[in-house]
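Novice: Okay, structure incoming, though there's no sequence with it:
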């Protein structure tokens, strides 16, 4: 049998095992890995041994498996994560120091937002996001920016699907959302007002890469009613422009 046919299914099964872990399932037993991956226990047992030996998984004294540090090390090399984060971090820290609020950096992956960095401000409003976590493009400030500047086919795919509601303020009507995206492009920033939680407002702006395309978004998340979101827009846009310049001048 050709090498690709021998190894392909094995790789796919290993990825199924790794895919069984979620933010709510960080520690899994062998039987739980089997159940959540859909693979037989004997297959999981064999592949888990290889994954542990390589460092993709770790086993604790109770017999549960966790994502291993080696996998995190490999994942941190993703250029859209590491390179972007390194260029943006000084400006994110400045924005955090000035405002003492939550600062977030995110990219688009398909029809979802992936958060690359988050700095939690002292006494800042709690947020549902986490570094490495995913969220809908339709509710968060960074998501609205990234969706507004996404390719037309991606935007139409999102607008034609069921739009998830998080609060009573979430925009779920595709016509209203389309108008909000147009406003975002026109004014250069997005405002998500209580669309994710009823106590938070997010203001986000686009970050441009070396080619001029929007490659990421930065946001501030503040307590609703604490300050006008439009008053925060200049700060966020200034940070976004600074990060864009850093990306444009970064060494390849």
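Specialist: Yep, it's here. In this text, all values refer to a predicted model and were calculated from it rather than measured experimentally.
Novice: any idea how far the closest residue to residue 145 other than its chain neighbours is from residue 97?
Specialist: Excluding its sequence neighbours, the residue lying closest to residue 145 (CB to CB, 6 or more residues apart in numbering) is residue 217, at 4.0 Å. All C-beta atoms are positioned from the backbone trio N, CA, C, and that covers glycine. Per CB to CB, to the nearest Å, residue 217 is found 20 Å from residue 97.
Novice: Show me which of the two is the more surrounded one.
Specialist: Remark: of residue 217 and residue 97, residue 217 carries more neighbours, 30 against 11, as counted by other CB atoms under 10 Å.
Novice: which residues does the more buried one bridge with?
Specialist: As for beta bridges, residue 217 partners with residue 106, residue 206 under DSSP bridges.
Novice: Any regions of the chain where pLDDT drops low?
Specialist: Residue ranges of the chain with pLDDT under 70: 1-8, 76-82, 122, 126, 250-252.
Novice: Work out which residue lies at the spatial centre of it.
Specialist: residue 114 (1.5 Å; CA atoms, centre = their mean).
Novice: Would you map the strands across the chain?
Specialist: Listed in chain order, the strands of the chain (DSSP state E) span 57-59, 65-67, 102-109, 112-119, 134-136, 190-193, 200-208, 214-223.
Novice: quick one: buried residues of the longest one?
Specialist: I take that to be strand 214-223. Neighbour-count burial for strand 214-223 flags 214, 215, 216, 217, 218, 219, 220, 221, 222 (criterion: 16 or more other CB atoms under 10 Å).
Novice: Hey, what's the angle from that strand to strand 112-119? Just curious.
Specialist: 60 degrees (axes from the mean of the first three to the mean of the last three CA atoms, to 10 degrees).
Novice: For strand 214-223, enumerate the helices and strands it packs against.
Specialist: The criterion is 3 or more CB pairs under 8 Å, 6 or more residues apart in numbering; DSSP states H and E, and the helices and strands that strand 214-223 contacts are helix 79-99, strand 102-109, helix 141-148, strand 200-208, helix 229-249.
Novice: so what secondary structure elements neighbour the third one?
Specialist: Which is helix 141-148. By 3+ CB pairs under 8 Å, 6+ apart, helix 141-148 packs against strand 102-109, strand 112-119, helix 152-160, helix 174-187, strand 190-193, strand 200-208, strand 214-223.
Novice: what does it contact?
Specialist: 104-108, 113, 115, 135-138, 154-155, 158, 180-182, 184-185, 189-192, 202-206, 214, 216-219, 221 (CB atoms under 8 Å, 6 or more residues apart in numbering).
Novice: Check the gap between the closest residue to residue 194 other than its chain neighbours and residue 233 for me.
Specialist: Among residues not flanking residue 194 along the chain, residue 169 sits closest, at 4.1 Å (CB to CB, 6+ apart). Per CB to CB, residue 169 is found 19 Å from residue 233.
Novice: what about residue 244, neighbour count?
Specialist: 24.
Novice: Next: the one 3 residues further on.
Specialist: Applying the criterion other CB under 10 Å, we find 19 residues in the vicinity of residue 247.
Novice: Quick check: it vs residue 75, distance?
Specialist: Taking CB to CB, one finds residue 247 at 20 Å from residue 75.
Novice: go on, residue 44?
Specialist: Applying CB to CB to residue 44 and residue 75 gives a distance of 22 Å.
Novice: So which of these two has more stuff around it?
Specialist: residue 44 (27 against 12).
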